[in-house]
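# got a structure for you, letters missing:
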């Protein structure tokens, strides 16, 4: 039996909601302002390009109308969620858009999920049906769920179209995405039409994004970053270029062929493409902007992109819970864009817990018209959303003249002999060490010091020969001696990341145990004596 998606998170106060509506941050746009409006204005304009084809706005609107009729016949509708397990593909976009037109809360999962993720989503949302591919249905044993499972192909082959649907209540749940789970089990985050479209508008404002743009997206549409960028492009008549099979050489060629003007998402994708362009000896790219967030952004990427290719960096800060909360501004000088997370987006607010003056650090609280309705789990909502509707980000930062700077994560601080060490600082210093392809630090318990810092590096055999060879280089880059790692773990494969590009430090710690390790003398002695 299906059931409604709900959350009991503390809402924003009535006067704040009123302000969002009065200023047009909520209620100013509807679903029909997107794909349907685009099809009416320019039916022959390219809307979506994926790894298998391209489709115009007219073709996209027709597919969505037919898929909506098919889903309605299968039982989709208000209070009857639809679970979509999808690739980064045209058919995934169609299924998502069609389900929202039915008024169904859409529960989004990426193709890389495991069966535990599926079971968790089904338990929390009780969907009426599942939409996916036959291959995913087989791998994830979706037929065992006891729910109707419909292939995307059936939606696209449906002939009858449904267009006289009612706009869903913009304040009610319309989509569920799941957090990346870097520090805990993934949480189900609930958004409404209002919060989604407000987040997409924040993207549009900071990018100056319009119908002449083409957005290159390699972030799953089952993530909040991916979904917002689907709305960013298709609600404004632009082109959406989906890259589900990322490969530096082929993806750069696709980006150039499609004339992509903007990349949004994980810095690691932009960094890989820029490095490939340099390796190919290119001096020009169609890109005009990187829109980056989600993790520490290498300054070398920003500097190279701007100096060689004229790509203006756009910074965004947020999360699945409060996406695109602060941004750089189109008028900001490049030097300023490279050094902080920008100003609050329209209607958004940030504050620092305990800070009484500019520049004081503390945990960041955030709220705004893009703030999620809450989590599926009421206990998680109660812990994360405070009185006044503020979201506790878990990030540490400071505000100077209204601009936000992130300095770390509460859970990404290692306490060594009572002194706090920022893992983000160590990651930044370790970036670009000779012969090292990537590096990331993590903390681990230590009987003598409480915790110690470990640095994992991806490097070919023979590049790292000792702990000293790494710590000496870090010291030369200005890292304080008491912050130096006491262990270096060598990986011969890429470090584990989430789809949004964040290093998964918990997995990194767990998977580093059997890899070649160089340790400080005290640890070697302790190992021998034990």
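Received, thanks. Owing to the predicted nature of the structure, the values given are computational and were not obtained by experimental measurement.
# what residue ranges in this protein score low on pLDDT?
Scanning the chain for pLDDT under 70 picks out the ranges 1-3, 180-185, 294-297, 418, 499-500, 526-530.
# now do the domain split for the protein, please.
Following automatic domain parsing, one finds the domains of the chain at 57-168, 417-529.
# and the end-to-end length of the first one?
The distance separating the two terminal residues of domain 57-168, taken as CA to CA, to the nearest Å, comes to 22 Å.
# next structured bit after the longest helix seen in the chain?
Across the chain, the longest stretch assigned as helix under DSSP state H is helix 57-73. Following helix 57-73 in sequence order, the next helix or strand is strand 82-86 (DSSP states H and E).
# parallel or antiparallel, list what pairs with that next one.
Under the criterion DSSP bridges, strand 82-86 sits next to strand 106-110 (parallel), strand 129-132 (parallel) in its sheet.
# out of those, flag the one nearest residue 349.
The closest approach between residue 349 and any of these, judged by CB to CB, belongs to strand 106-110 at 27.4 Å. Backbone N, C-alpha and C define where each C-beta goes, glycine included.
# now do that closest one: distance to the chain's middle.
Strand 106-110 sits 14 Å away from the centroid of its parent chain (CA atoms, centre = their mean, to the nearest Å).
# tell me where the stretch 401-530 of the chain has helices.
All helices of the stretch 401-530 of the chain, identified by DSSP state H, counting those that start in this stretch, fall at 423-430, 467-476, 505-511, 521-529.
# report the inter-axis angle for the second one versus helix 423-430.
Between the axis of helix 467-476 and that of helix 423-430 there is an angle of 100 degrees, by axes from the mean of the first three to the mean of the last three CA atoms, to 10 degrees.
# so which elements touch helix 467-476?
The contact analysis (3 or more CB pairs under 8 Å, 6 or more residues apart in numbering; DSSP states H and E) places helix 467-476 against helix 423-430, strand 487-491, strand 517-519.
# in it, what counts as buried?
467, 470-471, 473-474 (16 or more other CB atoms under 10 Å).
# same check on the third one?
Buried residues in helix 505-511, counting neighbours by 16+ other CB under 10 Å, are found at 505, 507-508, 511.
# could I get the residues you listed as TSV with distance to residue 29?
Compiled in TSV, these are given as follows (distance: CB to CB, whole Å):
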residue	distance to residue 29
505	38
507	39
508	41
511	44
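# I'd like to know which of these is nearest to residue 365.
Nearest to residue 365 out of the buried residues of helix 505-511 is residue 505 (CB to CB; 23.4 Å).
# quick check: the gap between that closest one and residue 456.
For residue 505, the distance to residue 456 equals 9 Å [CB to CB, to the nearest Å].
# again, but for residue 117
Computed with CB to CB, the distance linking residue 117 and residue 456 is 25 Å.
# before we move on, back to that, among the domains of the chain, which is the most enclosed?
Ranked by mean neighbour count, the domains of the chain are led by domain 57-168 with a mean of 20 (mean count of other CB atoms under 10 Å).
# correct me, but residue 272 touches residue 248?
Yes - look at residue 272 against residue 248 with CB atoms under 8 Å: they come within range, at 5.2 Å.
# out of the buried residues of helix 467-476, which comes closest to residue 139?
Closest to residue 139 out of these is residue 470 (39.8 Å), distances taken as CB to CB.
# chain neighbours aside, what residue packs nearest to that closest one?
residue 488 (5.0 Å; CB to CB, 6 or more residues apart in numbering).
# what about that neighbour, distance to residue 523?
Using CB to CB, one gets 11 Å for the distance from residue 488 to residue 523.
# same deal with residue 6?
For residue 6, the distance to residue 523 (CB to CB) stands at 50 Å.
# and what of residue 64?
With CB to CB as the criterion, residue 64 and residue 523 are 59 Å apart.
# again, but for residue 366
In this structure, residue 366 and residue 523 are separated by 40 Å, where distance is defined by CB to CB.
# hmm, residue 308 is touching residue 278, no?
Yes - under the criterion of CB under 8 Å, residue 308 lies in contact with residue 278, with a separation of 7.2 Å.
# can you map out the strands along the stretch 351-500 of the chain?
With DSSP state E, counting those that start in this stretch as the criterion, the stretch 351-500 of the chain has strands at 362-367, 374-375, 391-400, 403-409, 413-416, 419-422, 438-446, 450-458, 487-491.
# parallel or antiparallel, which strands does the second one pair with?
In the sheet containing strand 374-375, its partner strands are strand 188-192 (antiparallel), by DSSP bridges.
# would you mind identifying the next helix or strand past the strand it pairs with?
Scanning forward in sequence from strand 188-192 by DSSP H and E, the next helix or strand is helix 193-207.
# can you give me the distance of the residue lying closest to residue 108 once chain neighbours are set aside to residue 117?
Ranked by CB to CB, 6+ apart and with sequence neighbours excluded, the top spatial neighbour of residue 108 is residue 222, at 4.0 Å. With distances defined as CB to CB, the gap from residue 222 to residue 117 amounts to 10 Å.
# now for the two: what residues contact both?
Common contact partners of residue 222 and residue 117 (CB atoms under 8 Å, 6 or more residues apart in numbering): 109, 178.
# so what sits opposite the closest residue to residue 395 other than its chain neighbours in the bridge?
When the adjacent residues along the chain are set aside, residue 395 lies closest to residue 364, with 4.8 Å between them (CB to CB, 6+ apart). Going by DSSP bridges, residue 364 is paired in beta bridges with residue 352.
# residue 354 is in contact with residue 364, correct?
No - in this structure residue 364 lies outside contact range of residue 354 using CB under 8 Å: 11.4 Å.
# neighbour-wise, which of these two wins?
Using other CB atoms under 10 Å as the criterion, residue 364 and residue 354 rank with residue 364 on top: 29 against 9.
# let me see the contact set for that one.
Here residue 364 is in contact with 350-353, 393, 395-397, 404, 406 (CB under 8 Å, 6+ apart).
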